Structures are given as C-alpha cells and as structure tokens.
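1. Build me a structure from this.
(one chain, ligands or ions: 2)
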Amino acid sequence: MTFHRFMPASETIVAAATPAGRSALAVVRVDGPLAAQIAQEAFSRRTPLIEKQSTLAIWRNREGEAVDQVVAVLWHAGRSFTGNDSLEVTCHGNPLLVRRITEDCLARGCRLAEPGEFTRRSYLAGRIDLTQAEAVADLIHASSERALASARRMLAGELGRQVAGWTERTLQILAELEAHIDFPEEDLPPEDPSGPAARLHEMVSELSGYAKTARHDGTLRTGLRVAVVGAPNAGKSSLLNVLAGADRAIVSPEAGTTRDYLEAPVAGLPLAVTAIDTAGLRTGGSALENLGMARALEQARGAHLRLLVVDASAEPPALPAELIALLDPARSLIIANKSDLPAHPAQKNFQPELTKLSACLLDGRDAEALRAKLGDFLVAKEIAPGAEDLVVSVRHAEALARAATALSEAANHLKAPIQTELAAAQGRVALDALGEIVGRIDNERMLDKLFASFCIGK
Ligand SMILES: Nc1nc2c(ncn2[C@@H]2O[C@H](COP(=O)(O)OP(=O)(O)OP(=O)(O)O)[C@@H](O)[C@H]2O)c(=O)[nH]1
Ligand SMILES: [Mg+2]
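-> Ligands and ions are numbered 1, 2, ... in the order given. Purely as a prediction, here's the structure:
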C-alpha cells in the first residue's frame, strides 16, 4: 500500500514536445541528471539560467556553432513536473532546428524519450497519481468542451481524492473489524445505521455511481453521431445546414436532392457531435433511390441519435418499416419542420411516443434553440454526459466495480452469522482494487500499456 519509492532517473531523456512541422515556436524537453549541465554548456556562460525563470539565450552545439536563439527554463530535481532536473527549450518552430537541438542533446549524453515518458516519470516521482497521468493524455486529445472539463477535473486529482476517501473509510472499517476479531466479546452493531455494514453499503452506491459514468468514456473520446432521416423534401439537408451553421448540403424544392450521405460537425455544442444528412426515405422508389435509402438506413442504425425530420405542414409521411423500427423514443427525436406554414391537423397523431421539436429551417432563426434542446435531450437520455459528470475511464470503472463487489460481499458477511474474518478479507480486496485506480499497486505491464498510447514528448 505504498507509492513507488522515488528513484531519481539515471538517464537523461530528450524529445520535442510540439508536433513536427513549421510553427512560430517549438519546444524541446530534456529531463534527467544531465539537464542542468547541458543548460550550462549549451548556453553561453554569460547567461546562466536562474531556476524557473525564462532566459533568452543562444543554444550553441558541441562544436560551438549557434543553432538558434531560444527561451529556456530550468527546474531543479524535486521541484519539476518529473521530479528530476528538467530543461524546457522553446526554439523557433522549424523542424530542422528542433532536430539540431535534439541531436546536440543526444551527443551530450541524452537518449530519445519514449512515448509518455515525461508523464511516467512524474507519476513514478509521486508528483501525480495514475488518474492524473491518464488525464494529461485526455486533456490533450479532448475534442469538446465537455471532454476538456472532465479531463481538467481528473487532472486536478478529483478521482484520486475520492479514492483516497474510500480507502480511508475502508481502512477505518477494517480497523473496527480487526478489533472485533481480537475482542469478539465486544459487539459489532451490524444493523446500526452508523455500523460498518451500513457504511459499506453507502460506499458501494458511491462507487457504482462513479463507475456508471464510464459508459460515456467512448463517446466523449470519439464524439456522437446523429443521423438526420425522413421523407424526401422534409428539410433534412436544411437541418444539417442549420445545425452545422454552414451551407454544407444542397437544399432544393425537388424531392430526392440528396442521394449520398453527408457529414458535418454540429456547431455550438459542448459535445463533439457529427450530423449526417441522408437520402429521403419513402416506400417504392427507383433502383438508384433504393441504394441511397439503404445507405440512409445504415447511417440511422449506426448513429447514437436519430433526428426524424417531418414536414409539419403536410400529411404525415409513409415511412419504410425498417426506419419505424429504429425509432426508439430514448434515441430518436422528431423535428417538426416548416413551422412557418400552417400545421397539418393529422400531424398530432404521428408517432406520439416520440419527443417533437418544432422548427423553421428556412434559415438559422431556430438554430440556437434547436442545438440547446438537442444537447438537453442527449444528456436527459444519458446518451452524453452532463456538465457535472466526472467521466471515469473503462479502466477506472472496472476497478471501481471490483471494489464495489468486494465491499458489498464484506457487508453480506456482517449479516448473521457474522463472519468478521471473511468481511475483512473482502475489505482488503477492495483496497487493492482502489489502489489500482491511482496506481498504488505495482504493475509494470499495465503501466507499459498505458503510457505506450501517449505521444513522445509528453
Ligand atoms: N416553408 C418552409 N420551407 C422549408 C423549410 N425548411 C426547408 N424548406 C424547403 O423545403 C425544401 C426541401 O428542403 P431540403 O432541405 O432540400 O429537404 P431534404 O429533406 O433534404 O430533401 P431531399 O434531399 O430531396 O430528400 C426546400 O425548398 C426548402 O427550402 C421551412 O422551415 N419552411
Ligand atoms: Mg436533402
């Protein structure tokens, strides 16, 4: 139950922390025992680096040639992100310069960093726990406001603090159980509302609550797909354009304008959502129309949400049975379009179990309201995480579920006939599972796999 004891790294690593390619600036990171010495040798001695202060200096290679004018910052061991001496060099963003500085560092005794190695060193130094190390990667890859917010909270250590709390409470219960094992004549009050069994149940429900958010882990990473479907001329392409905030798809009064499907990102949502415009669906079309319809149905099947666009000023459409079968009320919305025209009375009875949003899609007048309602629906139906959800990863959820199962078994052992030893054993299983979340359990293979998915320089 101890964190890795910190061993200062013996090797000095180097890597570019910014992507290859031309840019205004690029960053090269150097970490390990040689970092301070390299800083001293590469910069002219007249500009010694003051710790944690950015210094404008000329990087000279081992041959004494000026490579670039850079801004450098040095951190000393114990005060850096990684726990080691650490140097960050911001040079001009030319890949040739980055390469020359990197190669000079290699010549001075560094080796190239592996993917995620800087973050791994930080974790091994005990400066961040495993949930925070993972959050570094999530923060960098987040493609929506909500993904960013969750990663930011994870990086701030929110899950780590929860785990510390559960660990503390489990240890407290274990202590009480040990006392009972040693002095069995002293009664354990298992049914007492403040008794260990009740506290175990309380933790089980907290753990399960956090574990449940992992169902959004994948969608937060990949984004959501929303299929726009409906009869020809209903206004599907108009909806795509309104949601995208751009004139993406051809809109025309001719029925059957859209044949292929067409994707565009939905603007103005805190989630990454892609809308897919599709060919109009109707019964008994031409061979070419049928091909388009097959694609439309395929997109509808694979989407997280279906938006059925209906011309509300006309008679309800006759839609193919394959589409009707896909219209699950928890995964589908009706966009009752053409609200600028008088509504057709028969529309009231059309698919009454589905939520209907009325809109005029001639222009962007209803765009904001539509996006807001779409966002609310996604959260209400738990298709997407809400603003206050801290989304845990599948790895976290798996360990949380194991801990919850063990704690619930422990509570069962505290029912008559009370079996304190078995309860205590389950308590320890839960502690191990909780420890895995923050990385208190040494497991080299798991760490290798985890950090291999990082990019180099992180
Ligand atoms: N009055 C009115 N007309 C609309 C509205 N939205 C779309 N239209 C018109 O309806 C016609 C069809 O719109 P599209 O967006 O091309 O419809 P679609 O469903 O993509 O049609 P297909 O691709 O042919 O299946 C166009 O002439 C639009 O200008 C609306 O809110 N009110
Ligand atoms: Mg269209």
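2. make it CA atoms for all contacts and neighbour counts henceforth
-> Will do.
3. What distance do you get for Glu88 to ligand 1?
-> 53 Å (C-alpha to the nearest ligand atom, to the nearest Å).
4. tell me the SS of the nearest residue to that residue once chain neighbours are set aside?
-> Using C-alpha to C-alpha, 6 or more residues apart in numbering and skipping the chain neighbours, the partner closest in space to Glu88 is Arg29 (4.7 Å). Here Arg29 takes the strand state, with states given by DSSP: H, G, I helix; E, B strand; the rest coil.
5. Same check on Ala198?
-> Secondary structure, three-state DSSP: Ala198 is helix.
6. any idea how far the one helix or strand Leu207 maps to is from the chain center?
-> Using DSSP states H and E, the element containing Leu207 is helix 196-212. Averaging C-alpha positions (C-alpha atoms, centre = their mean, to the nearest Å) puts helix 196-212 24 Å from its chain's average.
7. Now it: average pLDDT?
-> Averaged over helix 196-212, pLDDT sits at 96.
8. continuing past it, what's the next helix or strand?
-> Of the helices and strands lying after helix 196-212 in sequence (DSSP H and E), the nearest is helix 217-222.
9. That next one - contacts with which helices or strands?
-> When contacts are defined as 3 or more C-alpha pairs under 8 Å, 6 or more residues apart in numbering; DSSP states H and E, helix 217-222 packs onto helix 145-155.
10. on that earlier part again, give me the contact list for the helix holding Leu207.
-> Defining contact as C-alpha atoms under 8 Å, 6 or more residues apart in numbering, one finds that helix 196-212 is touched by 166, 170, 173, 189-193, 390-392, 396-398, 400-401, 403-405, 407-408, 410-412, 414.
11. got it, and stretch 387-394?
-> The contact list for stretch 387-394, computed with C-alpha under 8 Å, 6+ apart, reads Arg146, Ser150, Arg153, Met154, Tyr210, Ala211, Thr213, Ala214, Arg215, His216, Asp217, Pro385.
12. any idea how far the nearest residue to Leu319 once chain neighbours are set aside lies from Ala384?
-> Counting by C-alpha to C-alpha, 6+ apart, Arg282 is the residue found nearest to Leu319 once chain neighbours are left out, at 5.4 Å. Distance, Arg282 to Ala384, using C-alpha to C-alpha, to the nearest Å: 31 Å.
13. thinking again about what came up before, just the ones of the contacts of helix 196-212 in helices?
-> 166, 170, 173, 396-398, 400-401, 403-405, 407-408, 410-412 (DSSP state H).
14. Which ones, among the contacts of helix 196-212, also lie beside ligand 1?
-> Subset of those in contact with ligand 1: empty, counting by C-alpha under 6 Å from any ligand atom.
15. Whichever of those end up buried, select them in PyMOL.
-> Buried residues among those (16 or more other C-alpha atoms under 10 Å), as a PyMOL selection:
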select buried, resi 166+170+173+190+390+391+392+396+397+398+400+401+403+404+405+407+408+410+411+412+414
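16. Tell me if Glu103 really is in a strand.
-> No: counting by three-state DSSP, Glu103 falls outside a strand, being helix.
17. I'd like to know the phi and psi angles of Val226, please.
-> Main-chain torsions, Val226, degrees, to the nearest 10: phi -120, psi 120.
18. Would you agree it is in contact with Ile276?
-> Yes: with contact defined as C-alpha atoms under 8 Å, Val226 reaches Ile276; the gap is 6.1 Å.
19. got the residues of this structure near ligand 1?
-> Residues of the chain found near ligand 1 (C-alpha under 6 Å from any ligand atom) are 232-238, 251-258, 279-280, 337-341, 360-362.
20. Mind doing that once more with 5 Å?
-> Contact residues (C-alpha under 5 Å from any ligand atom) of the chain with ligand 1: 232-238, 251-253, 255-258, 280, 338, 360-362.
21. Find the nearest non-adjacent residue to Ser339, please.
-> In space, not counting the residues next to it along the chain, Ser339 is nearest to Cys360; the distance is 5.0 Å by C-alpha to C-alpha, 6+ apart.
22. Measure how buried the one you found is and give me the count.
-> 23 (other C-alpha atoms under 10 Å).
23. And Asn94, by the same measure?
-> Asn94, neighbours per other C-alpha under 10 Å, totals 15.
24. With Ala20 as the reference, measure out to it.
-> In terms of C-alpha to C-alpha, Asn94 sits 8 Å off from Ala20.
25. and if you look at His396?
-> According to C-alpha to C-alpha, His396 stands 33 Å off from Ala20.
26. Repeat that for Arg111.
-> Relative to Ala20, and taking C-alpha to C-alpha, Arg111 is found at 19 Å.
27. So those two - more neighbours on which side?
-> Regarding Arg111 and Ala20, a neighbour count based on other C-alpha under 10 Å identifies Arg111 as having more, with 17 against 14.
28. For the more buried one, give me its contacts.
-> By C-alpha under 8 Å, 6+ apart, the residues touching Arg111 are Glu11, Thr12, Ile13, Val14, Cys105.
29. rerun that using 6 Å as the cut-off
-> Residues in contact with Arg111 (C-alpha atoms under 6 Å, 6 or more residues apart in numbering) are Ile13.
30. Show me what it is bridged to.
-> Here Arg111 sits in beta bridges with Ile13, going by DSSP bridges.
31. Tell me the spacing between it and Thr12.
-> With distances taken as C-alpha to C-alpha, Arg111 is found 6 Å from Thr12.
32. Kindly report the domain assignment for this structure.
-> When the chain is parsed with automatic domain parsing, its domains come out as 13-128, 130-438.
33. Would you convert the ones you listed into TSV that also reports distance to ligand 2?
-> Putting those into TSV (distance: least, C-alpha to the ion, whole Å) gives the following:
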stretch	distance to ligand 2
domain 13-128	39
domain 130-438	4
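34. quick revisit: and the residues of the chain next to ligand 1, which of them are buried?
-> Neighbour-count burial (16+ other C-alpha under 10 Å) applied to the residues of the chain next to ligand 1 gives 232-238, 251, 256-258, 280, 338, 360-362.
35. count of residues packed around Ala24?
-> Counted with other C-alpha under 10 Å, Ala24 comes out at 8.
36. same question, Ala321
-> 10.
37. and it, what does it touch?
-> Contacts for Ala321 (C-alpha under 6 Å, 6+ apart) come out as none.
38. quick one, phi/psi of it?
-> phi -60, psi -30.
39. Mind jotting down where the strands sit in this protein?
-> Ranges of strands within the chain are 13-16, 23-31, 55-60, 66-75, 86-93, 111-112, 224-230, 262-265, 273-277, 305-311, 332-337, 355-358, based on DSSP state E.
40. Need those strands in TSV (columns: mean pLDDT and distance to Val242).
-> Below are the strands of the chain laid out as TSV (pLDDT from 0 to 100; distance: least, C-alpha to C-alpha, whole Å):
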stretch	mean pLDDT	distance to Val242
strand 13-16	98	41
strand 23-31	98	34
strand 55-60	94	49
strand 66-75	96	46
strand 86-93	98	38
strand 111-112	97	48
strand 224-230	97	12
strand 262-265	97	11
strand 273-277	98	11
strand 305-311	98	13
strand 332-337	98	12
strand 355-358	97	14
